[in-house]
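Student: below is the sequence, then the predicted model.
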2 protein chains.
Amino acid sequence: MGLRQQGASVVEPAKATVLIRGTGLLGASIGLGLRAAGHQVHLSDPSPTAQRIAQDIGAGTVWEPEGTPDPELIVIAAPPEVTAAEVADALVRFPGGVVVDIASVKAAILTDLLKQTDDDAAPLTMQHLSRYVGTHPMAGREQSGPVAARGELFTSMPWVICPHEYCAPAAVEAATSLARSLGASVHRMDTAKHDESVALISHLPQVAASLVASRLQDAAAGALALSGNGLRDVTRIAASDPNLWVQILSANARPVVEILYGLREDIQQLIGTLEDPEVPGGQADIARLIEAGNAGVARVPGKHGAPPQSFAVVTVIVDDRPGQISAVLNDVAKVGVNVEDLRMEHSAGHQVGMLEVSVLPGRRDELAEALTEMGWKVVLH
Amino acid sequence: MGLRQQGASVVEPAKATVLIRGTGLLGASIGLGLRAAGHQVHLSDPSPTAQRIAQDIGAGTVWEPEGTPDPELIVIAAPPEVTAAEVADALVRFPGGVVVDIASVKAAILTDLLKQTDDDAAPLTMQHLSRYVGTHPMAGREQSGPVAARGELFTSMPWVICPHEYCAPAAVEAATSLARSLGASVHRMDTAKHDESVALISHLPQVAASLVASRLQDAAAGALALSGNGLRDVTRIAASDPNLWVQILSANARPVVEILYGLREDIQQLIGTLEDPEVPGGQADIARLIEAGNAGVARVPGKHGAPPQSFAVVTVIVDDRPGQISAVLNDVAKVGVNVEDLRMEHSAGHQVGMLEVSVLPGRRDELAEALTEMGWKVVLH
C-alpha cells in the first residue's frame, strides 16, 4: 500500500518539512540547499558540535522532538556503517514520513533492512519499508565536515535513486523531488546495478589512486621533483578519508573484488611481459594494454554529458602575475566564445604557465586568431 | 680529453648551429624554441612530410649536408627505439659536435652505446662518447606530431641531464645550455636514478591509468554517466600513444617491473581483505591502504615546486555563459590577488559550474569577502 492511501501524504517538495540526521559535509550541504529552496529543515547529529556548526552556517535548526510536528521527509546522512540502523529507527519513529538515505553503497543497506522484516517479532514491516528509498548523490569533496558544506554541492551532479520492490511510488517521488530541488541530475537504477557501477567508476579509481600514491611514500625527493600533471591527476583523490573508505569498500566488497580480479590478471600479464620484453609477442602485449586504455578513456563522458574530447583547446602562455589569467579570459569573453573547460599547466621552478582554454571546436580558430591579434602568445594543438 | 682540447669548441648557446634529428612534437618544439632564442636550426626526419611541416611552422630549415658547415649541437629527437643508433651515427658523422638525446629512458641507450665501444673494430671510441649527453625533458602532450609543437613546451618544466662517466664537461655544459635556453628547469641525475625516478613518477601512473581505463571498455553506458572528476583525473593520461609507450616500457622494463611487484602485492592483499571484509583486522588493512595513499600524495609537489596543498581554495559558482569565468577572474585581479591554480568542477547534465581559484592562504578571506561583496556566490572550504 502506498503512502497516499495511508494518509501519510504526498510530500510537497516546495514545502515539506525535512529532518536531516547527520550533519557532516553532505547532510549540512543538503540542509543549506533545501533551506535555499524554501524548506523548513531540522538537523540532528550524535556530535553536538557538528550539529551546532551546521545550524550556525544556516543549514537548518537543531531538532527538538518535543512539540514539533513530525517531519515529512527524513534524510539519513550518516556514515555508511550506521545508515541501516538510522533508517530503521526513522521508519519506526516517524510513521508518516518518507525516509531517504544517501550512503554511497546501496545493496548492503537494503539487505540489512530486509533482515529486520524476517519474522513477526522483527522491528520492521513491509509497510515500513515502503516508505524507504535508497539514494546516492555523486558529490563530495576531499574536505569533510559541516564547515566545508555548500548548498550548491549537488548542482549538476548525478543523484542515483534506487527504488526497491516494496517502495511506495510516493516515496520514490519524494526522493526524486529532493534530488531535483538541489539541482542534481536524477538517474534511476536498481541497487545491484548501482553498486556495480560505483565499484567501477568510483571505487576502482580510488583504489588505483591510493595504490599509486602509496608507492610514493618512500620515494626520493629528487624523483618527486620531476612530477608532472600526469602523476598529480592520477593521485589527487588519494587524499580521501580512510575512515569513510573503509566503510565504502567493506560494504561494496563483492563488486569491487570482482573488478580487482581483472586488474590483478592484467598486472600479472604486464609483469610477465616486462620481465622479458624481448620475447616474441611481448611488445604487442604492451601495445594492447595501452590501446585498451585508449578505448576505455574514450568512453568517459566530458562536461555536461558531452561526448568525450568534443572540445578544442587553445593554449595561452601567461606570466604568473595577478590579473594575467583574468585578462586572457576577459579577452576570450570579448570574442564572445564560451569557456567549456579550463586547465592550468604548470610545474616546479618557474613563474610562467600555460592556460588551456577548451572551447567548441567550431570556435577554436576564430578565438586563436583574435587572441593572437590582441597580443597573446597562443598555441593550437 | 674534453671538447675544448679537441678544438671542438665550447658551444656558445646564444649562437650555436643546431641540427635536430626527428621532427615530431618534441623535435619541432625544440626547433621553435631555439629559433626564438636566436639559434640557427637545421631539421631532418626520415619522414619528408614531418620534416616539411616542421620547416613550415618555423622550427628550422631542412638540413642540406652539401656545403653546410657541421652543426655544433645535434639533438636526437627520435623514437626511443632508434635513439642509440641515431646518436652513434651523429657522433661519427660530426666529429666536432656535441650530441644530445631526449628519449625518456636513459640507461638502455647508454648501454647500447657502450656496447659499440667494446673492441678495436667497434664503430665508437670513448672519444666519441665524450661528446654524448643523455637528457630527458619532462614535457609532452597527449597530442603528437610537429603540428602540435610549440616553442614554449619546455617552459618551467623539469629537464633531466644525465652525464655519464666519459662525458666531456663542455658537452654537459652544452646540454645544460640547451635546456636553459628553452626555459626548462635543469635537474642533474645519473642514468639509473633517472630511470628509477621516471618509472615511479611517470611510467607507474601511465600503467595505472591505462589499467583503470581498460576496465571501462565494456562498462554499461549508465555506469559511465555517473562519472565524476575522480575517474576523469585518474584516466586522463590513458589517452597516450601505444607505439611510444611500448618503447618506453620495454626500454625501462626492470625499474617498472620492480614497482609492479609491490603493486601486485598490495592488490593481492586488498583482494584477500575484500573477499572477507568482516575477518578481524580486515578493516584496519583497508584503512592502512588509504592512509598510505594519503601519505604518498602529500609528497607530490604542487605548482612551482611549492609544498603540496600550500594554497587555499575559493570556490565561485558560475553560470555556463560566455564571460562568466573571465568576469570572476577580472574581479579577482581587481582585488589584487594572484591566481595560483584554477580548476573547473563540472559534471553531466547541467549548465552551472564551480570555478575553484587557488590563492595564497593569507589572501583567501580577503578575496572571498571582496568577491561576495561584488555579488558572486562564493564558497570557502
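Tutor: The structure has been received and is ready for your questions. The shown structure was predicted, so the numbers you read here are calculated from the model rather than taken from an experiment.
Student: the closest residue to A:Val257 other than its chain neighbours: which element?
Tutor: Nearest-residue entry for A:Val257: B:Leu274, 4.3 Å, with adjacent residues in sequence omitted and distances by C-beta to C-beta, 6 or more residues apart in numbering or on different chains. No exception for glycine: its C-beta is placed from N, CA and C like everyone else's. Here B:Leu274, judged by DSSP states H and E, is contained in helix B:253-275.
Student: report all helices and strands that that helix contacts.
Tutor: helix A:204-214, helix A:253-275, helix B:204-214, helix B:282-297 (3 or more C-beta pairs under 8 Å, 6 or more residues apart in numbering or on different chains; DSSP states H and E).
Student: for A:Ser197, find the nearest of the ones you listed.
Tutor: Nearest of the helices and strands packed on helix B:253-275 to A:Ser197, taken as C-beta to C-beta: helix A:253-275 at 8.7 Å.
Student: just the angle between the closest one and helix B:204-214, please?
Tutor: 130 degrees (axes from the mean of the first three to the mean of the last three C-alpha atoms, to 10 degrees).
Student: and the contacts of helix A:253-275?
Tutor: The contact list for helix A:253-275 (C-beta atoms under 8 Å, 6 or more residues apart in numbering or on different chains) reads A:195-196, A:199-200, A:203-204, A:207-208, A:249, A:279, A:282, A:285-286, A:289, B:207, B:211-212, B:214-215, B:249-250, B:253-254, B:256-257, B:260-261, B:263-264, B:267-268, B:270-271, B:274-275, B:277.
Student: can you report how many residues lie near the residue of the stretch 51-200 of chain A found nearest chain B?
Tutor: Of all residues in the stretch 51-200 of chain A, A:Ser156 sits closest to chain B, at 2.8 Å by C-beta to the nearest C-beta. Neighbour count for A:Ser156, taken as other C-beta atoms under 10 Å in any protein chain shown: 23.
Student: A strand includes it, no?
Tutor: No: using DSSP: H, G, I helix; E, B strand; the rest coil, the secondary structure at A:Ser156 is coil, not a strand.
Student: now do it against A:Leu329, distance only.
Tutor: 21 Å (C-beta to C-beta, to the nearest Å).
Student: ok, now A:Gln217?
Tutor: 38 Å.
Student: higher neighbour count, these two?
Tutor: Between A:Gln217 and A:Leu329, counted using other C-beta under 10 Å, the more crowded position is A:Leu329 (25 against 15).
Student: quick check: closest non-adjacent residue to the more buried one.
Tutor: In space, A:Leu329 is closest to B:Ser326, 3.0 Å off (C-beta to C-beta, 6+ apart).
Student: and the helix or strand containing the one you found with helix A:324-335, angle?
Tutor: Element membership for B:Ser326 (DSSP H and E) is helix B:324-335. Calculated by the same axes, to 10 degrees, helix B:324-335 forms an angle of 140 degrees with helix A:324-335.
Student: give me the buried positions along helix B:324-335.
Tutor: For helix B:324-335, burial by neighbour count (16 or more other C-beta atoms under 10 Å in any protein chain shown) applies to B:Gln324, B:Ile325, B:Ser326, B:Ala327, B:Val328, B:Leu329, B:Asn330, B:Asp331, B:Val332, B:Ala333, B:Val335.
Student: now do the SS call for the closest residue to A:Pro146 other than its chain neighbours.
Tutor: Sequence neighbours aside, A:Ala28 is the residue nearest to A:Pro146 in space, at 3.8 Å (criterion: C-beta to C-beta, 6+ apart). Using three-state DSSP, the structure places A:Ala28 in helix.
Student: in the stretch 51-200 of chain A, where is pLDDT below threshold?
Tutor: Judged against pLDDT under 70, the low-scoring parts of the stretch 51-200 of chain A cover residues A:141-144.
Student: what are the ranges of the strands in it?
Tutor: Counting by DSSP state E, counting those that start in this stretch, the stretch 51-200 of chain A has strands at residues A:61-62, A:73-76, A:98-101, A:132-137, A:158-162, A:185-188.
Student: between the longest one and strand A:158-162, how many degrees?
Tutor: Here strand A:132-137 runs at 160 degrees with respect to strand A:158-162, directions being taken by the same axes, to 10 degrees.
Student: what residues does strand A:132-137 touch?
Tutor: Contacts for strand A:132-137 (C-beta under 8 Å, 6+ apart): A:26, A:87, A:91, A:98-104, A:106, A:109-110, A:113, A:154, A:157-164, A:167, A:171-172, A:174-175, A:178-179, A:182, A:184, A:191, A:194, A:198.
Student: try it again at 7 Å.
Tutor: With contact meaning C-beta atoms under 7 Å, 6 or more residues apart in numbering or on different chains, strand A:132-137 is reached by A:26, A:87, A:91, A:98-104, A:106, A:109-110, A:113, A:154, A:157, A:159-163, A:167, A:171-172, A:175, A:179, A:184, A:191, A:194.
Student: weed out the non-buried ones from the residues you listed.
Tutor: Counted by 16+ other C-beta under 10 Å, the contacts of strand A:132-137 give A:26, A:87, A:91, A:98-104, A:106, A:109-110, A:113, A:154, A:157, A:159-163, A:167, A:171-172, A:175, A:179, A:184, A:191, A:194 as buried.
Student: quick one: A:Ala184 and A:Phe154 touch, right?
Tutor: Yes: assessed by C-beta atoms under 7 Å, A:Ala184 is found in contact with A:Phe154 at 4.4 Å.
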